[in-house]
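Chemist: Pasting the sequence and the predicted coordinates here, then a few questions.
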Amino acid sequence: MGSTLLIDSLSFLSWDFLPLATSEPSRLSGLMTTLWGIFQVALGLGFVIFVHELGHFLAAKTFGVRCDKFYVGFDVPISIGPIKLPSTLGKFQWGETEYGIGIIPLGGYVKMLGQDDDPRKAEEEAERSRLGAGAEAPLDPRSYPAKPVWQRMIIISAGVVMNLIFAVIMAGVAFRYGVPYTPTVIGDVVGGGPAWEAGVLPGDKLLKVGNMTADNPNLRFDDFRMEVALRGKDGRGTAIPLTVERGADILEVSPLPTNLYDPVGGIYMLGVISPSSTSYGMKAFPKGSFLEKSKLDLQSGDKIVAVDGVALKNDPRFDQPLGSELTTILQEKWNKPVRLSIERPGEKKDDPAKNIEVEIPAIPVKTIGLDFEMGPITAVRKGSTADAAGVKFGDKILSIDGEALTQALKLPSLVASKAGKSIELLVQRKTASKEKPESGLDAVAESSELTFQIATSSQPQFDNIAMFGGVQTLADVGIAYEVSNIVSSVDTAIINDDAIKVGDVLAQIRWEPSEEAKKSLEELYSAKGMRIVLADQLIDHSLTIASMFDQLQDAPSDMNIRCYLKRDGKTVEAVTKLQYASDWFWFQRGLGMKPLSDVHSVDSITEAAALGASETWRRFKEVLSVLRLLATGKLGAGSLGGPIKIFQAAGQEASQGVSRLLLFLTFLSANLAILNFLPIPALDGGHMVFLTAEAIRGKPVSEALQVRLTVAGMMCLLCLMAFVIVKDVVDLIP
């Protein structure tokens with residue numbers, strides 16, 4: 001009893017590096033760790049199913065129902081030609097019940113006398129449940145159909161109840177033991193994004209999201225992202241309220257989620273990046289990168305404690321410096337080499353840490369020899385100096401300090417070089433003229449030029465560019481702007497023979513790396529949890545010029561870039577080469593830091609139980625929200641995951657400790673409870689519908705109708721299970 005259907009969590013674009021081990025494990029120890037992780041996951045998933053079926057079993061035994069089988073997994077005979085596979089991984093008989101583990105790990109069942117989910121065996125089972133031959137023979141008092149409706153309802157619902165009870169217990173144990181998690185401290189924001197525009201800053205801590213009734217100082221970053229994704233799908237065009245802690249101040253902001261940053265999955269985000277520590281987390285620099293060529297002595301686990309002799313300040317909330325502070329200092333010195341003071345752990349556990357100095361060079365920008373025209377301002381950051389001066393959305397910057405702008409990509413570096421000074425912005429603002437009714441023509445847009453004196457920040461600042469849907473920003477004054485795809489300047493040292501001219505419109509590009517560079521790119525993007533696309537890429541709202549520029553900074557230098565451009569109504573093709581600029585530096589150093597981690601634990605069993613109940617209720621509502629969005633068409637089938645996805649997700653959680661696995665099993669238990677109680681014949685919810693009808697009518701629903709509905713329900717479930725399994729397999733294919 002109880003086919004198991006599971007919905008995997010939504011996937012999210014990862015903005016941070018995955019945590020890496022502090023040392024390279026031996027092949028044998030790595031294999032043992034993997035096998036131990038697989039065992040933990042298999043044990044955990046099996047336990048969730050076991051608990052569900054145990055509920056049915058105990059309730060049935062309580063009311064005197066004979067149980068012939070108790071199985072985790074389905075013991076279905078499988079034949080491949082002449083080869084017959086075993087239907088079980090193991091079984092034994094104890095009393096009247098056969099206990100076993102089925103070969104197909106998609107659920108479990110309890111086989112009771114007189115009850116069988118397989119409609120083909122309905123007639124045979126009906127005969128077994130009677131004390132004699134014929135339909136008039138009395139029912140065996142130990143058969144399931146012989147029990148009163150209210151007892152059968154309890155038996156059917158006991159699986160769900162047990163799942164919820166054990167969900168609370170597992171979550172409570174996890175919190176008592178201590179749950180490692182990434183706190184909702186803002187590591188950084190995406191320039192021009194919803195959070196950026198609302199004025200959210202690195203170092204801010206989110207206490208409340210959406211409809212939460214109380215502040216949660218232990219809010220997890222993953223849960224925050226899930227809430228934003230679900231709210232974005234559910235209320236498209238609706239802002240999401242956030243309670244933000246900034247030092248001693250509590251702020252309320254309401255950014256509008258966007259799905260521009262995920263053109264494939266359409267996941268809604270706010271453009272915030274999870275926090276990092278100051279511990280280096282990369283095994284090696286990407287092959288061919290500027291830092292790899294510099295042969296820097298940096299190892300995974302190195303902790304950066306000072307920059308140019310100035311110690312990083314501890315954040316009292318976590319008793320360690322935050323990566324956002326390190327980022328701020330490195331941005332201030334973006335065009336200069338810096339000296340990092342490093343604490344390196346000893347090779348063995350008891351060895352003292354080593355103190356070393358490492359000089360990190362300024363990183364030149366990688367360019368294809370093109371820059372582009374300014375586009376309109378897309379956002380003005382709330383509370384910024386540009387906001388205070390009166391700069392508005394839609395304005396177009398024409399000049400800074402009297403110098404006309406011809407290089408939109410270079411502009412952030414130009415403004416950063418003026419940090420601490422006041423700059424004069426000349427902008428063009430469009431206004432609609434009054435319509436003249438007698439002409440019969442529509443109003444014509446007019447424009448005016450306005451001048452603003454704007455103070456820049458005391459230190460140079462830069463904002464991250466989104467990998468998709470990105471814009472450029474002048475972080476020092478709080479302006480985000482679009483970069484047009486009209487070529488405004490051509491570096492003849494890189495591009496010659498008039499292959500590309502000023503005024504050409506870039507419409508499409510193709511990366512053409514060498515085989516060695518392609519392998520390097522695949523490794524880099526795999527580390528970021530992404531796949532690299534080397535096919536033609538259209539320049540549009542997804543891959544903007546700013547996003548393309550940002551992605552090129554990860555690509556190997558000297559790689560060919562094939563450009564397709566529009567000129568005088570025709571398409572022209574040109575090949576340029578990605579090269580390091582001589583006098584233009586990138587604001588990122590290419591250091592991958594480990595994520596910031598904290599532990600949420602409680603001292604008392606009472607607190608653990610309360611947190612367990614709260615966690616279960618939250619997961620319960622989360623699964624209901626996903627189902628509602630699926631039913632209303634607001635969430636696509638791409639958000640569903642089958643056994644492979646669930647096993648992968650469980651493995652990721654188990655790799656972070658037993659308590660994280662227990663929390664995932666809490667989610668899975670809530671998932672299993674809800675899905676198995678859906679009113680679908682062959683599931684517990686379908687049985688409950690039949691029993692409710694029997695209680696109302698005073699007699700059972702006709703056997704023929706039950707069989708037809710059960711067959712239809714099973715076909716639907718099998719199709720759904722086949723779909724998610726095939727989808728899981730397809731997603732594994734590179």
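Modeler: Yep, it's here. In this text the structure is predicted, and so the values were computed from the model without any measurement.
Chemist: Give me the distance between the two termini of stretch 597-606.
Modeler: One end of stretch 597-606 sits 25 Å from the other (C-alpha to C-alpha, to the nearest Å).
Chemist: So which residues make contact with that stretch?
Modeler: 172, 175-183, 218, 277, 318, 608, 611 (C-beta atoms under 8 Å, 6 or more residues apart in numbering). Quick note: C-beta positions are derived from backbone N, CA and C, even for glycine.
Chemist: do the same with stretch 502-510
Modeler: By C-beta under 8 Å, 6+ apart, stretch 502-510 touches 370, 372, 485-490, 534-539, 545, 548, 561-567, 571-572.
Chemist: Restricted to helices, list these.
Modeler: Among these, the members found in helices (DSSP state H) are 545, 548.
Chemist: of the contacts of stretch 502-510, buried ones?
Modeler: Buried members of the contacts of stretch 502-510, counted by 16 or more other C-beta atoms under 10 Å: 370, 372, 485-490, 537, 539, 545, 548, 561, 563-566.
Chemist: Where does the prediction get shaky in the stretch 301-450 of the chain?
Modeler: Within the stretch 301-450 of the chain, the segments meeting pLDDT under 70 span 432-445.
Chemist: Helices of that one, start to end?
Modeler: For the stretch 301-450 of the chain, the helices defined by DSSP state H, counting those that start in this stretch occupy 323-332, 385-389, 411-416.
Chemist: Can you give the distance from the first one to the centre of its chain?
Modeler: Shown here is helix 323-332, whose average C-alpha point lies 25 Å from the average C-alpha point of the whole chain (C-alpha atoms, centre = their mean, to the nearest Å).
Chemist: Over to the second one?
Modeler: Here helix 385-389 shows a centroid-to-chain-centroid distance of 34 Å under the convention C-alpha atoms, centre = their mean.
Chemist: In terms of secondary structure, what does that helix contact?
Modeler: Helix 385-389 makes packing contacts with strand 445-455 when contacts are defined by 3 or more C-beta pairs under 8 Å, 6 or more residues apart in numbering; DSSP states H and E.
Chemist: Now do the buried residues in the strand it packs on.
Modeler: Applying 16+ other C-beta under 10 Å to strand 445-455 flags 450, 452, 454 as buried.
Chemist: got the contact list for residue 550?
Modeler: Neighbours of residue 550 in contact, by C-beta under 8 Å, 6+ apart: 465-467, 470.
Chemist: where along the stretch 451-600 of the chain do the helices fall?
Modeler: 515-527, 545-552.
Chemist: thinking again about what came up before, in JSON lines: the buried residues of strand 445-455, plus distance to residue 596.
Modeler: Shown next, in JSON lines, are these (distance: C-beta to C-beta, whole Å):
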{"residue": "450", "distance to residue 596": "43"}
{"residue": "452", "distance to residue 596": "38"}
{"residue": "454", "distance to residue 596": "33"}
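Chemist: ok, back up a step: inside strands: which ones of the contacts of stretch 597-606?
Modeler: Taking DSSP state E, the ones among those that sit in strands are 179-181, 277.
Chemist: Of the residues you listed, which pair is most distant in space?
Modeler: Using C-beta to C-beta, the pair of the ones in strands among the contacts of stretch 597-606 lying farthest apart is 179 and 277, separated by 17.9 Å.
Chemist: Looking at these two now, which is surrounded by more residues?
Modeler: residue 179 (24 against 21; other C-beta atoms under 10 Å).
Chemist: Looks like that one contacts residue 661 (just checking).
Modeler: No - the pair residue 179 / residue 661 is not scored as a contact, 10.4 Å apart, by C-beta atoms under 8 Å.
Chemist: returning to what we had before: nearest to residue 676, of the helices of the stretch 301-450 of the chain?
Modeler: Closest among these, using C-beta to C-beta: helix 323-332, at 42.8 Å.
Chemist: Other residues contacting the closest one?
Modeler: Contacts to helix 323-332, defined as C-beta under 8 Å, 6+ apart, come from residues 185-188, 202-203, 275-278, 304, 307, 310, 312-313, 315, 338, 459-462, 587, 589, 593, 596.
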